[in-house]
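**Student:** predicted structure and sequence below. I'll ask about it afterward.
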Amino acid sequence: MSFLNNVITGVSLGSIYAIIALGYTMVYGIAKMLNFAHGDVIMVGAYVCFFAMGSFNLPPVAGVLLAVAVCTVLGITIERLAYKPLRSAPSLAVLITAIGVSYLLQNSAQLLWGADTKTFRPLVEGSLVLVPGQLSISYVAVLSIVCCVVVMIALTLFTGQTKMGKAMRACSEDKAAAQLMGIDVNATISMTFAIGSALAAVAGALMCSAYPVLSPTTGSMPGIRAFTAAVFGGIGSIPGALLGGILLGVIETFAKAYISTDLSDAVVFAVLIIVLLVRPAGLMGKYVPEKV
Amino acid sequence: MKKINKNSLNGFINYGIVIAAFAVIQALLGMGRLSNSLQSLLVPACCYIVMAVSLNLTVGILGELSLGHGGFMSLGAFSGIAASILLQNAIPLAPARLAVSMAVGALAGALGGVIVGVPVLRLQGDYLAIVTLAFGQIIKNIIMVLYVGVDERGIHIAASSERFDLAPGGTAIIKGPMGAVGVTKLATFTAGFILILITLAVVQNLVNSRAGRAIMALRDNRIAAESVGINTTKYKLMAFVTSAALAGAAGALFGLNYSSTGASKFDFNTSILVLVFVVLGGLGSIRGSIIAAALLYVLPEMLRGLGLNDFRMLIYAIVLILVMLATNNDQLKALLGRVIPKRKGAVTSG
Amino acid sequence: MAEKKQFQKGKMVPVPSVSIIPERDLDKSPILECSHLGIDFGGLTAVNEFNVTVGRTEIAGLIGPNGAGKTTVFNLLTKVYQPTRGTILLDGLDTHGKTPSQVNRMGIARTFQNIRLFNNLTVEDNVKIGLHNQEKYSMFSGILRLPKYWRQEKAAHERALELLSIFDMQDLANHQAGSLPYGAQRRLEIVRALATNPSLLLLDEPAAGMNPSETAELMENIVKIRDTFQIAIMLIEHDMSLVMGICEGICVLNFGQIIAKGTAEEIQSNPTVIEAYLGKQQ
């Protein structure tokens, strides 16, 4: 039974990682940049949701929607101000800028909302009891898994079927060629950031519901883990992000349960290294050798 | 020699800058003009300069992004501390013990570099970056749960406090999450200065040698480098391990500068901080790394002194973003170019 | 023994007055023997049954329409790709399982169709990187600057300038390679390849982007290189005046298959070749 419990915990945690990883993967796929500030957008989303529900007594749904709206705007703003001017700059310059944005968000949050940790009230409370006293699923876990599935289906349809989605795929293949075909590359990239940041807000609310502590650095560690998940699954690949996220969640939970709570990070990252050594482009990524 | 070539000249200028800075600081110290808080920054600043120069070897000269340089520093710090405690009686002379501990730290860093480098250097670009990041996390995580001590029965190593059976009277060297405690502070500013000079000599002489050219050839065009008979793995590993060894030495010095050191001092943020020094100083520019590390390490502390404590990291972040935008955006560069005369890009020099 | 030849002091052999095909006995004992060489990418056979022998001081041409697999042959010879079938013997030694850098050390050097220089380094450093395996001091001699370092660096410097003088490029030694004009970059690639002391030099479209007078000069220089260094040269080229002018043996490739082999006259009158280039006559 404890095994099943661990599976459930792992999958629900993994669902949250997957939602965050999607943000990384989509941005990487299209802008070829590691957006290190993504984790901090999660934190901002969680704070907005926290204050909406706590100070303004909004219902959870309204709180999450507000967080989504704020993060979407935040994501587009960051992209426009910090990343867009660096479109033709070397990738390291963009990476450092993203780190700068990450510091900026963390320290702004600290000034605005204080450095103390806040206790986040879960979006939904209680749990679904399957076998009394032995097996139960918290509603937060159910909600996380449902959200992840919905987001996955929606994104797959979006990138596969809609005009904007096709434009995104075109941009990630070849920006110059896409531009020549009449695609507005800048608008497409903004859209990608908007979607990624909106998902980050959802993930922030879910994550803080499952692990109810909130501080200005809340986003950084899950950010790094989700980024790992994206690489794990093959960065740039949407199904890869799902697979990577879920696997990472399960591995982390199992490592905590059966190896050592303290060493869970080491186990997760060791698995990542092994996967990359066997499959240099991640589980679902495509390895493209350089043409001579 | 008929003519001193440009690269050697740049190298000499770097030695000159470091020696002059050391002389000025020593003079200020002698006159008592340096505040205590600034004095306490001297050794760590030296460590970070070494970190930045050595990371530049990996990122700027080899051209591979590493996000785990702090991991090597950590290895060096804890092995250096362990060496200094174990050799307490064998080498009573403090500077000698410090030197040996730093050498042990360098060895530990190099060993870590080999362990990570051998399997990992065949990955490229962002994947290499993520694996170095993962490695840094693993090192931190393992040291967090590690208990190491020494008593009359020998050295004890355990993975949890329960299994750590140190005889009474034994000395604990690393105590899990608390890290190393009760360390005798051996580090001195002079030692830091000497370490910087050694680092400069190693990196600059390496760059201007056969091996250094091979490393830069790999950076510029791997396929062409292979086509002229350069062994990719060997030279990538050489750069990576040298860089890790120097980081290990810097870590040992850093660890021996405090009475207690936890593994969290060398986390992802440390690696990132050093990377920021390297990028802001200019990829491949040794002088840039030195200056950027010195300024950017001291700058936040200066802001603290100006009563801007709450805002100092915010200011740091904004400065960082603005500098990156100003130096990498073509329009902004053109705008600045009209005000400031254009500086020549330095990729291999200085 | 190879190094000794490379580090011999003294003047280059003077340029012979070039009568495009020099009237002398060519050493036809093979330096390169390919038999049944082939490679598949997925289901696609890119090169098949490539059987070619190149003499020790021969200039051989590899021609064919776009996409015929010419560069793939070079990539097979230099082990950028591992062949699916067949063997490559260099001076009688099998190159099976070797890496690109090992093959270079065995004696094959090449240039690239899309120029691959070390753009951020100087011209001289590019050539010195070619000399990498002729310098023999260790990393520690380099860091500690032992006498060995100074001696060999001085020798490498002189040798680099000497090699650059083939194309009169010694004055460009301190320029950044990436900033050179196109033609100079192509020439520098050849110098860099020569610096590795090859017994077989592969040139991938050396005349691409050159005007007729530059091409004529290049032709003279290719022959000069062969005569000076006594090496075999195999080149891919679309400029037929160059190929027909200096190649002693020509091999025509189409859809990965050899469709003709022979001298310039034989190739020019071969109906299969004409068909491959111009299509079937109605």
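**Tutor:** That came in fine, so what should we check first?

**Student:** contacts, neighbours, all on C-alpha from now
**Tutor:** OK.

**Student:** how about the helices of the stretch 51-200 of chain A, start to end?
**Tutor:** For the stretch 51-200 of chain A, the helices defined by DSSP state H, counting those that start in this stretch cover A:60-78, A:91-113, A:139-161, A:163-173, A:175-180, A:185-210.

**Student:** what about the last one, distance to the chain center?
**Tutor:** The chain centroid and the centroid of helix A:185-210 are separated by 7 Å, computed with Cα atoms, centre = their mean, to the nearest Å.

**Student:** the helix or strand just after that helix pairs with which strands, and in what direction?
**Tutor:** Next along the chain after helix A:185-210, taking DSSP states H and E as the criterion, comes strand A:213-214. Here strand A:213-214 has these sheet partners by DSSP bridges: strand A:118-119 (antiparallel).

**Student:** returning to what we had before: nearest to chain C, of the helices of the stretch 51-200 of chain A?
**Tutor:** Among these, helix A:91-113 comes nearest to chain C, with 17.2 Å by Cα to the nearest Cα.

**Student:** would JSON lines of the helices of the stretch 51-200 of chain A with mean pLDDT, distance to chain C and mean neighbour count be doable?
**Tutor:** Below are the helices of the stretch 51-200 of chain A laid out as JSON lines (pLDDT from 0 to 100; distance: least, Cα to the nearest Cα, whole Å; neighbours: other Cα atoms under 10 Å in any protein chain shown):
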{"stretch": "helix A:60-78", "mean pLDDT": "95", "distance to chain C": "33", "mean neighbour count": "21"}
{"stretch": "helix A:91-113", "mean pLDDT": "91", "distance to chain C": "17", "mean neighbour count": "21"}
{"stretch": "helix A:139-161", "mean pLDDT": "93", "distance to chain C": "27", "mean neighbour count": "17"}
{"stretch": "helix A:163-173", "mean pLDDT": "91", "distance to chain C": "22", "mean neighbour count": "19"}
{"stretch": "helix A:175-180", "mean pLDDT": "91", "distance to chain C": "20", "mean neighbour count": "14"}
{"stretch": "helix A:185-210", "mean pLDDT": "94", "distance to chain C": "28", "mean neighbour count": "26"}
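
**Student:** need these in a markdown table (columns: distance to residue A:53).
**Tutor:** Below are the helices of the stretch 51-200 of chain A laid out as a markdown table (distance: least, Cα to Cα, whole Å):
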| stretch | distance to residue A:53 |
| --- | --- |
| helix A:60-78 | 6 |
| helix A:91-113 | 15 |
| helix A:139-161 | 16 |
| helix A:163-173 | 33 |
| helix A:175-180 | 41 |
| helix A:185-210 | 11 |
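
**Student:** any chance of the ones you listed in JSON lines, plus distance to chain B?
**Tutor:** Shown next, in JSON lines, are those (distance: least, Cα to the nearest Cα, whole Å):
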{"stretch": "helix A:60-78", "distance to chain B": "11"}
{"stretch": "helix A:91-113", "distance to chain B": "5"}
{"stretch": "helix A:139-161", "distance to chain B": "24"}
{"stretch": "helix A:163-173", "distance to chain B": "16"}
{"stretch": "helix A:175-180", "distance to chain B": "18"}
{"stretch": "helix A:185-210", "distance to chain B": "16"}
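
**Student:** and chain C, what are its domains?
**Tutor:** Using automatic domain parsing, the domains assigned to chain C come out as C:30-107+C:198-282, C:119-194.

**Student:** wait, which of the ones you listed is closest to chain B?
**Tutor:** The nearest among those, by Cα to the nearest Cα, is domain C:30-107+C:198-282 at 3.8 Å.

**Student:** in the stretch 151-300 of chain B, where is pLDDT below threshold?
**Tutor:** Nowhere does the stretch 151-300 of chain B drop to pLDDT under 70.

**Student:** for chain C, what are the nearby residues on it?
**Tutor:** Contact residues (Cα under 8 Å from any Cα of the partner chain) of the stretch 151-300 of chain B with chain C: B:201-203, B:205-206, B:209-211, B:213-214, B:216-217, B:220-221, B:223-231.

**Student:** return the subset of the residues you listed lying in strands.
**Tutor:** Of these, none are assigned to strands by DSSP state E.

**Student:** can you narrow the residues you listed to ones near chain A?
**Tutor:** Subset of those in contact with chain A: residue B:223, counting by Cα under 8 Å from any Cα.

**Student:** helices of the stretch 251-350 of chain B, start to end?
**Tutor:** So, for the stretch 251-350 of chain B - with DSSP H, counting those that start in this stretch - the helices run B:268-281, B:286-305, B:312-328, B:330-339.

**Student:** okay, now whatever residue of chain A ends up closest to chain C: neighbour count?
**Tutor:** Chain C sits closest to residue A:292 of chain A, with a gap of 7.7 Å, by Cα to the nearest Cα. Applying other Cα atoms under 10 Å in any protein chain shown, we find 15 residues neighbouring residue A:292.

**Student:** that's a strand at it, yeah?
**Tutor:** No: under DSSP: H, G, I helix; E, B strand; the rest coil, residue A:292 sits outside any strand and is assigned coil.

**Student:** can you give me the distance of it to chain B?
**Tutor:** Between residue A:292 and chain B the distance is 8 Å, computed by Cα to the nearest Cα, to the nearest Å.

**Student:** ok, residue A:13 next?
**Tutor:** From residue A:13 over to chain B (counting by Cα to the nearest Cα), the distance is 20 Å.

**Student:** spatially nearest residue to that residue (excluding sequence neighbours)?
**Tutor:** Spatial nearest neighbour of residue A:13, excluding adjacent residues (Cα to Cα, 6 or more residues apart in numbering or on different chains): residue A:249 at 5.2 Å.
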